[in-house]
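>>> turn this into a structure:
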Amino acid sequence: MNPLINRQIAFNLGSSDAWDIFAEHRRQVTSLLGDSSDQSRICVLGAGNCNDLDLATLVQTHQEVHLVDIDADALSKGTSRQDLANNAAIYLHGGIDLTGMMDLMNHWHPKSTLSPDDISAIIQAPMRCLEQLPGPFDIVASTCLLSQLIKIIVDTIGEDHLQFVELIQAIRMGHLLLLMKLITSRGQGLLITDVVSSDTYRELASVPAQSLNQVLVQLIRQGNFFHGVNPAIIVNLLRQDPILSQQVATLEPIGPWRWNLGPRHYAVIAVKIQKR
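As a prediction, the model looks like this:
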């Protein structure tokens, strides 16, 4: 199997028993996804083990809950852990490569040179997922997935590559375009992403909740955040990019909040998007 896919499966296995420590993060994510009519259809990209989703709540507030991940086994086990494996409202879409390019990316290395056509393909390839999903949906959420997609660039091309920034921008744009395409007219999107971890800011776990926003702003000013997930840049893209901005009616930044993943803590933000 593709090593990039194996890495994601290993990540899911490592957090498969983390239901309890996900509690606050799960509450935050589920509350953002739960505000809709009982006739709505919701799609969660990067659902994984479903530890960040209270599925019992979601099936009460939505007619259909579609869960998407490259790791089909994680989706299956995640719904089983919540005793909802056979719930008619839940649809599992496993084995879907949300980059559309993992087979090709697996051959990248620090000396690879990518052409303009390659960069264009990175932006457009996620659209292949549209054929595999029964969209559009009333609500589409990307749950801490963007940083994982960008990490593929870090792990293959490397941070010192001359095209590193260009590739990150292409991955991010492709993901945002897919997110918007999956949302029905006047529907809602949620981009939820981790921004920084206690690996580079050890005090993150002990920052008071009321001070977290101020600390995160300072860390971003210092350049201490994951590649490609600067909240201000993401919001500006959605507001100013010629293609994305035409689809956006309103934007609402939310957070940050803290995500406890056991040995590591993350600061997480969300951007709520109302589609035109």
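>>> and the host helix or strand of L149, what other elements does it pack with?
Assigned by DSSP states H and E, L149 belongs to helix 146-156. Helix 146-156 is packed against helix 3-14, helix 102-105, helix 164-182, strand 183-197, with contacts defined by 3 or more CB pairs under 8 Å, 6 or more residues apart in numbering; DSSP states H and E. For the C-beta atoms, the positions are set from N, CA and C on the backbone; glycine is no exception.
>>> and the ones you listed: which comes nearest L33?
Comparing those against L33 with CB to CB, the closest turns out to be strand 183-197 (6.9 Å).
>>> turn the helices and strands packed on helix 146-156 into JSON lines, columns for mean pLDDT and distance to N51.
Putting these into JSON lines (pLDDT from 0 to 100; distance: least, CB to CB, whole Å) gives the following:
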{"stretch": "helix 3-14", "mean pLDDT": "90", "distance to N51": "9"}
{"stretch": "helix 102-105", "mean pLDDT": "93", "distance to N51": "23"}
{"stretch": "helix 164-182", "mean pLDDT": "98", "distance to N51": "21"}
{"stretch": "strand 183-197", "mean pLDDT": "97", "distance to N51": "14"}
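>>> okay, the ones you listed in CSV with mean neighbour count next?
Shown next, in CSV, are the helices and strands packed on helix 146-156 (neighbours: other CB atoms under 10 Å):
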stretch, mean neighbour count
helix 3-14, 15
helix 102-105, 16
helix 164-182, 21
strand 183-197, 21
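>>> nearest to I139, of these?
strand 183-197 (4.9 Å).
>>> given that closest one, what are its sheet partners and their directions?
Strand 183-197 sits in its sheet next to strand 137-143 (parallel), strand 265-275 (antiparallel), going by DSSP bridges.
>>> test my guess that L176 contacts S245.
No - the pair L176 and S245 does not pass the contact test of CB atoms under 8 Å, sitting 11.0 Å apart.
>>> picking up where we left off before, now the helices and strands packed on helix 146-156 as TSV including distance to H93?
Conversion of the helices and strands packed on helix 146-156 to TSV gives the following (distance: least, CB to CB, whole Å):
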stretch	distance to H93
helix 3-14	15
helix 102-105	16
helix 164-182	12
strand 183-197	16
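>>> circling back: anything in contact with each of L176 and S245?
For the pair L176 and S245, residues contacting each of them under the criterion CB atoms under 8 Å, 6 or more residues apart in numbering are L238.
>>> so where's this protein shaky on pLDDT?
By pLDDT under 70, the low-scoring segments of the chain are 35-38.
>>> swap the cut-off to 90 and go again
Low-confidence regions of the chain, defined here as pLDDT under 90, cover residues 1, 7, 11, 14-17, 34-39, 262-263.
>>> quick one on the thing from earlier: so which of the helices and strands packed on helix 146-156 comes closest to Q240?
So among these, helix 164-182 is nearest, using CB to CB, at 12.3 Å.
>>> what's the spacing between that closest one and its chain's center?
A distance of 11 Å separates the centroid of the chain from that of helix 164-182, by CA atoms, centre = their mean, to the nearest Å.
>>> that one to helix 146-156, inter-axis angle?
Helix 164-182 runs at 150 degrees relative to helix 146-156, counting by axes from the mean of the first three to the mean of the last three CA atoms, to 10 degrees.
>>> packing partners for helix 164-182?
strand 41-45, helix 116-124, strand 137-143, helix 146-156, strand 183-197, helix 231-240, strand 265-275.
>>> of all those, which lies closest to I21?
When these are ranked by distance to I21, counting by CB to CB, first place goes to strand 265-275 at 10.0 Å.
>>> got the angle for that closest one vs helix 231-240?
For strand 265-275 and helix 231-240, the angle between their directions (the same axes, to 10 degrees) works out to 10 degrees.
>>> with just CA atoms, put strand 265-275 into PDB.
The C-alpha coordinates for strand 265-275 follow below in PDB (Å, rounded to 0.1, in the frame of the first residue of the first chain):
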ATOM      1  CA  HIS A 265      -2.100  19.600  22.600                       C
ATOM      2  CA  TYR A 266      -3.200  21.700  19.700                       C
ATOM      3  CA  ALA A 267      -4.800  25.200  19.200                       C
ATOM      4  CA  VAL A 268      -7.700  24.800  16.800                       C
ATOM      5  CA  ILE A 269      -9.800  27.400  14.900                       C
ATOM      6  CA  ALA A 270     -12.800  27.200  12.600                       C
ATOM      7  CA  VAL A 271     -14.100  29.300   9.800                       C
ATOM      8  CA  LYS A 272     -17.800  29.100   9.200                       C
ATOM      9  CA  ILE A 273     -18.700  29.800   5.500                       C
ATOM     10  CA  GLN A 274     -22.200  30.700   4.300                       C
ATOM     11  CA  LYS A 275     -22.300  29.900   0.500                       C
END
